[in-house]
Structures are given as C-alpha cells and as structure tokens.
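# Test case, fold it:
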Amino acid sequence: MAKYFSLVLLLASIWTTSLLVQGSLRTEELSISGPCRIMGVTLVNKRTHRQLNFTEAQEACRLVGLTLASKEQVEAAWKFGFETCSYGWVKNQFVVIPRIIQNPKCGKNGVGVLIWRSSLNQQHRAYCHNSSGVPTTLLVLALLFFAAAAGLAVCYVKRYVKAFPFTNKNQQKEMIETKVVKEEKADDSNPNEESKNTDKKPEEPKSQPKTTVRCLEAEV
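Sure thing, here's the model as predicted:
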C-alpha cells in the first residue's frame, strides 16, 4: 500500500511541476534575437534578468513555434556566419556558444561552437530551431519542378520547329528572299536562252528557183 501511495505522490509531483513550468512561461515574456534565422537557428531568451533552465528552454522554444536545437544544428548555422555572445541550451543537455571572431568576453576568447557542461537547473538562454523543414522541402520541390518544366519545354520547342519550319520569322524572311532571288535568276536566264537560240539559227538565204534552159532545134 505504501508503494502505491508513493507512486501516486511521484506522479502528482511530476504533473504539478509540469504545470508550474508551463504556467511560469508566457509568449510575451520571451524575446527572439533578430528577425532572421540562419539555417533555422535562433537565440531565444526571457526579457527579464532571470533566464531559462533546460526544461524551461524546451518550453520556450515550443511557445515560439520552434524546437530546442541540437549542437549539430548550431554548428551548421555557425558555418554560415551565425555568432552570438551568449551561452544557450541545446538538445544535448548542455550549453553552447557559437563564436567566429575571438573575444575575451565571449566564450573565453575561443572560436567555434564552444561547449559548457553545466547543471540542468542553471539558467541560460535557448537555441531554438525550425524543425518543420517545410521551406527547404518546398524549395527543393520547386527546383525539381522548374528543371522538369524546362526540359519539357526544350523538347517541345525542338519538335515544334522541326514540324513547322516557318515559325521563326527570320527563317521565313530568309526563305522568302531566297525564293525571290531564285525567281529573278530564272527570269534573267530566259532572255539569255532566247538570244542564244536566235544566235544559233541564222537567217538562211532564200534559194532562187533554178531556171531550166531547153534548147529546141528547129528543123530547116
């Protein structure tokens, strides 16, 4: 009986703690550093001096529509220029700080995604990540669709040009000019041929009729 009672107390305490955590955070109390996210990662903190423990960090990311980022996700953002001067919780249950330029006041003058393993109850900011991945997926699908449409358009244009060679205005103009030139050449060649024929057939002199002389002897 005592075991069941202790189990009920444990479950009740966990439920009460979760309610307290959810009730202790409000969306208007949270602030997102910067309007843009690099590789889906951003830094979330409370507007008050008191910050977030690990459990509150998870809840804070959820309230702003994100999830707690992992160290690998912060590293991916760091490679694209993401840098802060604040330690923040990540999914790996420790805090990190991404540094590109050395600064003795930020990360002890270190460079990279620096790790600090602290107690889960200590208060830090939170690195949140856009876990939906919908923009990236849509971008990839749009690129694939565009490539497929471009390929089909090229094939269609090639077949259409072969079937209808006069679709191109320049080609049509060239064909018309070529036809006109050929006709002019043909017209020019006809008088030459006629002149050649006339040259080949000179006027034949009219043959005079032969006069036959008959001599008649008269009888004496």
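
# which residues of the protein score low on pLDDT?
1-23, 131-141, 160-175, 177, 179-220 (pLDDT under 70).

# Can you tell me what sits against stretch 83-90?
33, 43-45, 52, 54, 57-58, 68-71, 73-74, 95-101, 103, 105-107, 116, 124-127 (CB atoms under 8 Å, 6 or more residues apart in numbering). Backbone N, C-alpha and C define where each C-beta goes, glycine included.

# and Ala126, what element?
strand 125-129 (DSSP states H and E).

# in its sheet, what does that strand sit against?
With DSSP bridges as the test, strand 125-129 is paired with strand 41-46 (antiparallel), strand 67-68 (antiparallel), strand 88-89 (parallel).

# For Thr178, find the nearest of those strands.
Of all the strands paired with strand 125-129, the one in closest proximity to Thr178, counting by CB to CB, is strand 41-46 (65.3 Å).

# Pull the residues that contact that closest one.
Taking CB under 8 Å, 6+ apart as the rule, strand 41-46 contacts 29-34, 36, 51-52, 57, 60-61, 64, 66, 69, 73-74, 76-77, 82, 84, 86, 88, 125-129.

# ok, back up a step: which one of the strands paired with strand 125-129 lies closest to Ile176?
Comparing the strands paired with strand 125-129 by CB to CB, strand 41-46 comes nearest, at 64.0 Å.

# now His49, what's its secondary structure?
At His49 the chain is in coil, as set by DSSP: H, G, I helix; E, B strand; the rest coil.

# Apologies, that question was intended for Trp78.
With three-state DSSP as the basis, Trp78 sits in helix.

# From the contacts of stretch 83-90, which land in strands?
Counting by DSSP state E, those place 43-45, 68, 95-99, 116, 125-127 in strands.

# Weed out the non-buried ones from the residues you listed.
By neighbour count, with 16 or more other CB atoms under 10 Å, the ones in strands among the contacts of stretch 83-90 hold 43-45, 68, 95-99, 125-127 as buried.
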